[in-house]
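**Student:** Fold the stuff below for me.
(chains A and B)
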Amino acid sequence: MIFDPYHECMDVEQRRELQIRRLRETVARLMVSVPFYRDRFRSHGIEPEALQSIDDLKNLPFTTKDDLRETYPYGMFAAPLPDIVRLHASSGTSGRPTLVGYTAEDIEIWSDVIARSICCAGGDSHDILHVAYGYGLFTGGLGLHFGGERLGCTVVPMSAGNTKRQLRMMVDLGCTLLACTPSYALTLADAAQEEGVSRDQLKLRSGIFGAEPWSDGMRQQVEERLGLSAHDIYGLSEIIGPGVSQECGEKNGLHVFDDHFVPEIVDPDTGESLPPGQEGELVITCITKRCLPLIRYRTRDISALYTEPCPCSRTHVRMARITGRTDDMLIIRGVNVFPSQIEEVLTRVEGVEPHYQIVVGREGHMDTLEVQVEVTPHIMADTIGGMERLEREIARELQATLSLTAKVRLVEPQTIARSEGKAKRVIDLRKEG
Amino acid sequence: MPCTRCAKQVSVFLENKPGRLTDVCRALGDAGVNIRAFCVAEASEFGILRLIVDKPDVAAETLAARGYAVTEHEVLAVQLQDRPGDLARALTALSGAGINVEYIYAFLTPKEQQAVVIFRVADAQVADTIARLEEAAFEVIPAERIYGM
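**Tutor:** Residues are numbered from 1 along each chain as shown, chains lettered A, B, ... in the order given. Okay, here's the model as predicted:
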């Protein structure tokens, strides 16, 4: 089923017309309502009327996460606060969360694109949707929730955690759709095995998995073990949250809902636009959002775009599954983590010099985060209790900043490898073979 | 203010893996440092080696130069009779005064047929600890004598 055939299967030329009209409106509105954009457009000599085709997008300046940080909290909002009905946030960098806002209209758009996504993954209004993304400031839970309701699914708002209970509810209620991170899907499969729940007892038929990178090998495992068809969903809170793009049954790239979010691929170093098929940094422009219509936002995600028609009859441009990042951001249990955030925490804990190393691994199917910190005489105690207090203090600060449980491991001085005087900060053991 | 009645203990942070203790002891041996007493407190992934040596400053410098995290702490070396009940008597004097012993270890002196117990108490309680022990007729051994034992 296609949720919105008019927009999803639109003639490509017709959509380009729609895109440029919406872009012009958005740019004009930003010039009036957001001083940041007014200044930036002026300094680049941008006039909304001069935008002739959606290809002119490449003449507009980029927006980056730093811009969001510098205008934190409300500086980038294009709608007045009384019109904002929801805020979400991710942990961000330099002590400032990345804050995003939604007007009622934005929530409508978001619900629509999630409803499209669920249909794209084979769901419909008869489905019972089990949402195991976290509910809260993270966009995953509430995003899928509202979209599921929009489509008319029966939504089970499980949120994250308490795996045994999740499994019991899934069996008892006969859930047919599952939305969570791919690694949590495997954790649920493990729990099912442990509890002796057979595939026949599970009624799942499709899954919508995202918020972290995964491979085809992992897809195969999830599909076999849970007896469902697994589909990738992509999104980021700065753009709207999940629902920017979604894989259909062809599993050959994700349809970008480009009547709302216009994707481009650029060379991450030069910023130059790259043609379809070529890999580079994904840049997205919001052309319908009211509160936070970011222009040419640098996602730092690496992808490629494909314009060939898809047998599913949707005419949206497709993007390749994310293959990496242009920066050092890590995704751990669905949470975005920058090494600089960890360094900040360590410098905040009195006396700890930031000689540290981050080891990301996988235990079962869940990511693990270990932060190794070199002990200096300055922070050293002569009792185990004193050292354990230090470990706990660092772990507590990391938890507070990242919303992630980290294992802190104290190591001897000079044991963390330094190459050319600079320590190798991150060891990621999750690379899949 | 440094405690004139205290002995210096050298503490070293060690990861719990083969060869670390060997490396420390060899380095001290090569530097001509003689170990009087030691103990290791261990957690699952690391340990803290505590040493009483004849030349604590040399030991600390040697180990720091080899890249270890080293600190020096003040501890009390107390002479006890090598006979049943004497340690209990010393501890009673302290617990009666509300003094908590953070850790303790002991060695025997072959020449003098006596036991020496190393006490570590909170820095703020050092003076009180000395007073209580002396009240109970125990001798707090001066640092130089410990190093030379």
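
**Student:** for A:Gly277, what are its contacts?
**Tutor:** A:304-306 (CB atoms under 8 Å, 6 or more residues apart in numbering or on different chains). The way it works is simple: take the backbone N, C-alpha and C, and place the C-beta from them, glycine included.

**Student:** Could you pick out the buried ones from the residues you listed?
**Tutor:** A:304-305 (16 or more other CB atoms under 10 Å in any protein chain shown).

**Student:** neighbouring contacts of stretch B:55-69?
**Tutor:** A:374-377, A:380, A:412-414, B:8-10, B:12-14, B:23-24, B:27-28, B:31-34, B:51, B:53, B:70-72, B:147.

**Student:** Pull the number of nearby residues for residue 121.
**Tutor:** You didn't pick a chain, so chain A it is. 25 (other CB atoms under 10 Å in any protein chain shown).

**Student:** Actually, chain B is the one I wanted.
**Tutor:** 20.

**Student:** Parallel or antiparallel, list what pairs with the longest strand belonging to chain B.
**Tutor:** Of all the elements of type strand in chain B, the one with the most residues (DSSP state E) is strand B:70-81. With DSSP bridges as the test, strand B:70-81 is paired with strand B:7-15 (antiparallel), strand B:114-121 (antiparallel), strand B:139-140 (antiparallel).

**Student:** Format the ones you listed as CSV; extra columns: mean pLDDT.
**Tutor:** As requested, the strands paired with strand B:70-81 are arranged in CSV below (pLDDT from 0 to 100):
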stretch, mean pLDDT
strand B:7-15, 95
strand B:114-121, 92
strand B:139-140, 92
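
**Student:** So which of these has the densest surroundings on average?
**Tutor:** Of all the strands paired with strand B:70-81, strand B:7-15 has the most neighbours on average by mean count of other CB atoms under 10 Å in any protein chain shown, namely a mean of 23.

**Student:** and the angle for the helix or strand that comes right after that strand with strand B:70-81?
**Tutor:** Next along the chain after strand B:7-15, taking DSSP states H and E as the criterion, comes helix B:20-30. Angle, helix B:20-30 to strand B:70-81, by axes from the mean of the first three to the mean of the last three CA atoms, to 10 degrees: 80 degrees.

**Student:** quick one: contacts of stretch A:135-142?
**Tutor:** A:86-90, A:97, A:100, A:131, A:133-134, A:145, A:157, A:159-160, A:179, A:210-211, A:235, A:237, A:240-242, A:334-335.

**Student:** What count of nearby residues applies to the nearest residue to A:Gly241 once chain neighbours are set aside?
**Tutor:** Nearest residue to A:Gly241, sequence neighbours excluded (CB to CB, 6 or more residues apart in numbering or on different chains): A:Thr139, at 3.1 Å. For A:Thr139, the count of nearby residues is 27 (other CB under 10 Å).

**Student:** circling back: out of the contacts of stretch A:135-142, which are inside strands?
**Tutor:** Going by DSSP E, the strands hold A:86-90, A:97, A:100, A:131, A:157, A:179, A:235, A:241-242, A:335 from those.

**Student:** now, which of those sits nearest chain B?
**Tutor:** A:Val335 (25.0 Å; CB to the nearest CB).

**Student:** my read: that closest one touches A:Ser403, true?
**Tutor:** Yes. Between A:Val335 and A:Ser403 there is a contact under CB atoms under 8 Å: 6.2 Å.
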